[in-house]
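Peer 1: have a look at this fold, sequence not included:
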Ligand code: NAD
């Protein structure tokens, strides 16, 4: 068990990649917190984990609200004493060409991806810094980046800007966290079939004048080595590696998991 009794908050865990990370962490002995906009949706995932023999709780959290983030983290600490792992994963996608991007939607994208990562980090770090037997407890923060943390594609300026920004935040947190045994890393997946991607396929088909099949083959998977989607399990395995690695040899890093779409 790689995360035995570790308290792990996963944001956006009611769906897709976050859900799979929570299930994987619970299988490794973690006490997982399913944090999402809707507590009812988060509770469904928590109940599934408990039914499978794991330990989970659900909290309502809009990651763009400082009040909700702090209240949810306080609820977790009241229940389970501390936080060892944060996966800042909540995210959405909005696609437009730059000149058509409504400013309100640009700000919403940056708020969810960047403000959300900042606010959740800010809320958990004091718990990771607390002294246990005279030493800082420590912890691991995993940011959900993307190939778009490193590379650009058409119509995704806000997403690309935010995902690049997470690498900066990660490096800053890794530096500041060093003396407190707090590590920070970024997972950078290629396309994964989740509701976030399923919504984009028809939108991109319309914007680019392609069929949906062409969007998948000629846009999303064109540069992979094997024409395959990355899976939620692939991403969860990397998130597990970052969460459970047992020294600061692995901090301030970003790892692309994308079937070779982007090679660094
Ligand atoms: P998803 O739509 O399946 O899940 C996203 C979850 O985030 C949902 O449960 C949603 O309710 C939650 N969420 C949205 N806004 C929130 C907010 N303000 N506060 C709290 N929760 C909120 O999407 P997914 O594909 O699993 O995406 C998860 C993360 O992975 C995102 O950060 C996304 O950018 C990233 N990512 C996805 C892909 C992909 O191809 N699917 C690739 C690279 C990176």
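Peer 2: Thanks, I have the structure now. Nothing here was measured: the structure is a model prediction, and the numbers come from that model. Numbering: from 1, shown residues only.

Peer 1: and residue 186, what element?
Peer 2: strand 182-189 (DSSP states H and E).

Peer 1: quick one: strands adjacent to that strand?
Peer 2: strand 139-144 (parallel), strand 253-257 (parallel) (DSSP bridges).

Peer 1: now look at the shortest one and say if it contacts the ligand.
Peer 2: No. If you take C-beta under 6 Å from any ligand atom as the test, strand 253-257 misses the ligand, and the best it gets is 9.1 Å. Glycine gets a C-beta too; all of them are placed from N, C-alpha and C.

Peer 1: any stretches of the stretch 101-250 of the chain with poor pLDDT?
Peer 2: Judged against pLDDT under 70, the stretch 101-250 of the chain has no low-scoring part.

Peer 1: can you pull the residues of it lying near the ligand?
Peer 2: So far as C-beta under 6 Å from any ligand atom goes, the stretch 101-250 of the chain lies against the ligand at 112, 144, 146, 189, 191-192, 194-197.

Peer 1: kindly give a single ChimeraX line that selects the buried subset of those residues.
Peer 2: Command for ChimeraX that selects the buried part of these, burial taken from 16 or more other C-beta atoms under 10 Å:
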select :112,144,146,189,191,192,194,196,197
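
Peer 1: which one of the residues of the stretch 101-250 of the chain next to the ligand is nearest to residue 40?
Peer 2: Closest to residue 40 out of these is residue 195 (16.5 Å), distances taken as C-beta to C-beta.

Peer 1: re the thing from before, just checking, next helix/strand downstream of the strand holding residue 186?
Peer 2: In N-to-C order, the element after strand 182-189 by DSSP H and E is helix 195-208.

Peer 1: residues in contact with the next helix or strand after that next one: which ones?
Peer 2: Next in sequence after helix 195-208, counting helices and strands by DSSP H and E, comes helix 212-214. Helix 212-214 is contacted from outside by 201-202, 205, using C-beta atoms under 8 Å, 6 or more residues apart in numbering.

Peer 1: what helices and strands are in contact with the helix or strand following helix 212-214?
Peer 2: The helix or strand immediately downstream of helix 212-214 is helix 232-244, counting by DSSP H and E. Contact partners of helix 232-244 among helices and strands, from 3 or more C-beta pairs under 8 Å, 6 or more residues apart in numbering; DSSP states H and E: helix 16-27, strand 85-88, strand 139-144, strand 182-189, strand 253-257.

Peer 1: deepest in the core, which of these is it.
Peer 2: strand 85-88 (a mean of 30; mean count of other C-beta atoms under 10 Å).
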